[in-house]
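# Generate a structure from the sequence data that follows.
(2 chains)
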There are 2 protein chains.
Amino acid sequence: VPRNFALAGRLAGSSSGARMFGKVAIIGPGLIGASVGLALRRHNLADSVIGIGRREVSLQKALDIGAVGSATLDVAEGVADAGLVVLATPTSAFQHVLAAAVPALHTDSVLTDVASTKVRVVATVTSALRERPDIAYMPTHPMAGSERSGPLAARADLFEGSVCILTPMTNTYPTTKSTIKKMWETFGARTVSMSPQLHDALVARISHVPHLVAAALMLLVREEDALLGGGGLRDTTRIASADPELWLGICRDNREQIRLALDQYGAILREMSDSLKTGDLGKLEHMLDEAKSKRDRTTYNRRALRD
Amino acid sequence: VPRNFALAGRLAGSSSGARMFGKVAIIGPGLIGASVGLALRRHNLADSVIGIGRREVSLQKALDIGAVGSATLDVAEGVADAGLVVLATPTSAFQHVLAAAVPALHTDSVLTDVASTKVRVVATVTSALRERPDIAYMPTHPMAGSERSGPLAARADLFEGSVCILTPMTNTYPTTKSTIKKMWETFGARTVSMSPQLHDALVARISHVPHLVAAALMLLVREEDALLGGGGLRDTTRIASADPELWLGICRDNREQIRLALDQYGAILREMSDSLKTGDLGKLEHMLDEAKSKRDRTTYNRRALRD
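Here you go, the predicted model:
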């Protein structure tokens, strides 16, 4: 029997009313991790969910909102009998957490992560798993979030109507892939698969640069001026409120792709500026038209996140 | 009796239950104009509201939603017996509309506009009024809107919780100023007064550059990629859906200030890019921290606008 062959069966139990997973361990039950916990429980996918974290106060919040049924500060203890382990800490903590978790992982269990970057993350996790060929690893990136952070910002429906990008390894077992894919789809997400490289170039454009763009707008405006702004300023800058530590980590992990996309973006702004400078606004008109057409065709019917 | 001395009395009528205005003419009852109409009627500030436009189909919509009680395609006829005339067309139409309206304005009536730029607008209106020293002009800019346009996007509460910038002329009568100010405050807006020059420099930063920034993001991303984006991309690009014709007009009117602010903005992005290039992320960390602090201190409790 190949490794993980019996994954779905083992994780799901054998009775007809079986859940998708037995015990699930969530390392880092913050905004995303705790939302996964809430969604697992809402959809009745797990026999039990345990939260693993560094701070008791944060774990208590995850317990209070019902994102996890139990909690521990001890990584090894928490993952020991879990069939699925969800790595949901900032990526800067991955190496440290994996050092404690990997030796304790249950035979043939599944490890997944929800990080916003993939190339460096996959290298880190793969390296940490080199002595554990029995562990199936499936990297994912749910494209959902909020400018808020921590378990109190979590929502059971956070992933409804969102997209989850999967970057399966060439050696990821089909059963592992389909189980994780099914989990996200049960949470209401549409799944898309691509390579970690393609993922990182893509999210630099659709997520990381928009974040820097929002932050830069807040640096352009004076605070007293910002208070006079309308809905346009409010919405274009909302994500500037996100956790700077998390975003600095993302910038560190995906530095090259973000810089590339940011420079492409800067060139677009310079075209606009040149059009304004010369007074030949035909170019700008064309750009505004194209931007509107594209935005109008991009239907965003996902659940609204607001401040 | 000085001009406009009896403005409030004349406009309001003389009975004890008097409304603030007699007849109000709204030239261009689109998103903003029709919202003014709805708000006037909700707060019972006018005896009657007439809509003046170029297209019957658009005026019919304004009538259908109750933003205006009557409508006409004839500018001179529409403004003839109005105590207050609200200029709410794109600024590119101002000269043409004013040529028809000015000779027909009722003696001592009040003219206001709701345009997004002020220096050029004030020059245009002042020039058009040179033969009509009896007309009191009060330029305003309600900082409210939507990426949608036209009367069907109008809302009676559009201005609730928003800011309305007033740029009174040195020769604007105190009664005119206080009446218009009172109108916006009754609509739920906070009013702020400043010079047209200061206004244009300010809105370049807090409104016009954010618009170009949103449009440029839509030009950076491929359409099929944009569909994978999350709430961050959705919100940072929402205003890219706004009417390109309107925004091109704004860019034309406020070309110098927008270019100046856009170049300042480009310099901020280059600082970020340099930090990513060298790998010395301390600078970027500092920028993200400052952006978050500023955004967090800028409370936006205005009514949410969504797609």
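
# Please spell out which residues along the host helix or strand of residue A:198 are buried.
Using DSSP states H and E, residue A:198 maps to helix A:196-203. Judged by neighbour count (16 or more other C-beta atoms under 10 Å in any protein chain shown), helix A:196-203 contains these buried residues: A:196, A:199-203. (Each C-beta comes from the backbone N, C-alpha and C, glycine too.)

# Packing partners of that helix?
If you count contacts as 3 or more C-beta pairs under 8 Å, 6 or more residues apart in numbering or on different chains; DSSP states H and E, helix A:196-203 packs onto helix A:119-128, strand A:136-142, strand A:163-166, helix A:255-278.

# Try it again at 7 Å.
Where contact means 3 or more C-beta pairs under 7 Å, 6 or more residues apart in numbering or on different chains; DSSP states H and E, helix A:196-203 is packed against helix A:119-128.

# can you tell if stretch A:152-167 touches chain B?
Yes - against chain B, stretch A:152-167 shows contacts by C-beta under 7 Å from any C-beta of the partner chain at A:162-163, A:165.

# how about TSV for those, with pLDDT added?
Below are the residues of stretch A:152-167 next to chain B laid out as TSV (pLDDT from 0 to 100):
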residue	pLDDT
A:162	93
A:163	95
A:165	97
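
# Tell me the one of those residues nearest chain B?
Chain B lies nearest to residue A:163 out of the residues of stretch A:152-167 next to chain B, by C-beta to the nearest C-beta, at 4.8 Å.

# Do I have it right that residue A:39 meets residue A:155?
No - Residue A:39 is not in contact with residue A:155 according to C-beta atoms under 7 Å; the separation is 8.6 Å.

# out of the two, which sits in the busier spot?
Of the pair residue A:39 and residue A:155, residue A:39 is the one with more neighbours under other C-beta atoms under 10 Å in any protein chain shown, namely 25 against 18.

# Which helix or strand contains the more buried one?
helix A:31-42.

# and that helix, what other elements does it pack with?
strand A:21-27, strand A:46-52.

# Can you list the strands that the first one pairs with?
If you go by DSSP bridges, strand A:21-27 pairs up with strand A:46-52 (parallel), strand A:84-87 (parallel).

# so can I have CSV of those showing distance to residue B:208 and mean pLDDT?
Conversion of the strands paired with strand A:21-27 to CSV gives the following (distance: least, C-beta to C-beta, whole Å; pLDDT from 0 to 100):
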stretch, distance to residue B:208, mean pLDDT
strand A:46-52, 46, 98
strand A:84-87, 43, 98
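
# With mean neighbour count and distance to residue A:68 added, can I get the ones you listed in a markdown table?
Below are those laid out as a markdown table (neighbours: other C-beta atoms under 10 Å in any protein chain shown; distance: least, C-beta to C-beta, whole Å):
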| stretch | mean neighbour count | distance to residue A:68 |
| --- | --- | --- |
| strand A:46-52 | 24 | 3 |
| strand A:84-87 | 28 | 11 |
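
# Kindly reformat the ones you listed as TSV containing distance to residue A:212.
Shown next, in TSV, are the strands paired with strand A:21-27 (distance: least, C-beta to C-beta, whole Å):
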stretch	distance to residue A:212
strand A:46-52	31
strand A:84-87	25
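
# Tell me which of those sits nearest to residue A:293.
strand A:84-87 (39.2 Å; C-beta to C-beta).

# Look up phi and psi at residue A:222.
phi -80, psi 150 (degrees, to the nearest 10).

# If you drop the residues flanking it in sequence, what lies closest to it?
Counting by C-beta to C-beta, 6 or more residues apart in numbering or on different chains, residue B:205 is the residue found nearest to residue A:222 once chain neighbours are left out, at 7.9 Å.

# same question, residue A:226
residue B:298 (4.5 Å).

# same check, this time on residue A:102
Closest to residue A:102 by C-beta to C-beta, 6+ apart is residue A:128, at 5.3 Å.

# Report pLDDT for the one you found.
Predicted confidence (pLDDT) for residue A:128: 98.

# Isn't it up against residue A:103?
No - counting by C-beta under 7 Å, residue A:128 does not reach residue A:103; the two are 10.0 Å apart.

# out of those two, which sits in the busier spot?
residue A:128 (20 against 12).

# so where's chain A shaky on pLDDT?
A:1-17, A:299-307 (pLDDT under 70).

# Convert the C-alpha atoms of whichever strand or helix holds residue A:251 to CSV, please.
Assigned by DSSP H and E, residue A:251 belongs to helix A:244-253. What follows is helix A:244-253 as a C-alpha-only set of coordinates in CSV (Å, rounded to 0.1, in the frame of the first residue of the first chain):
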residue,chain,number,x,y,z
PRO,A,244,2.7,45.3,8.9
GLU,A,245,4.6,42.3,10.3
LEU,A,246,2.6,39.8,8.2
TRP,A,247,3.1,42.0,5.1
LEU,A,248,6.8,42.6,5.7
GLY,A,249,7.1,38.8,5.7
ILE,A,250,5.2,38.5,2.5
CYS,A,251,7.5,41.2,0.9
ARG,A,252,10.6,39.3,2.2
ASP,A,253,9.3,36.0,0.8
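
# and it, is it in reach of chain B?
Yes - against chain B, helix A:244-253 shows contacts by C-beta under 7 Å from any C-beta at A:244, A:247-248, A:251-252.

# how far does that helix sit from the chain's center?
Helix A:244-253 sits 13 Å away from the centroid of its parent chain (C-alpha atoms, centre = their mean, to the nearest Å).

# quick check: angle from that helix to helix A:119-128?
Going by axes from the mean of the first three to the mean of the last three C-alpha atoms, to 10 degrees, helix A:244-253 is angled at 80 degrees with respect to helix A:119-128.
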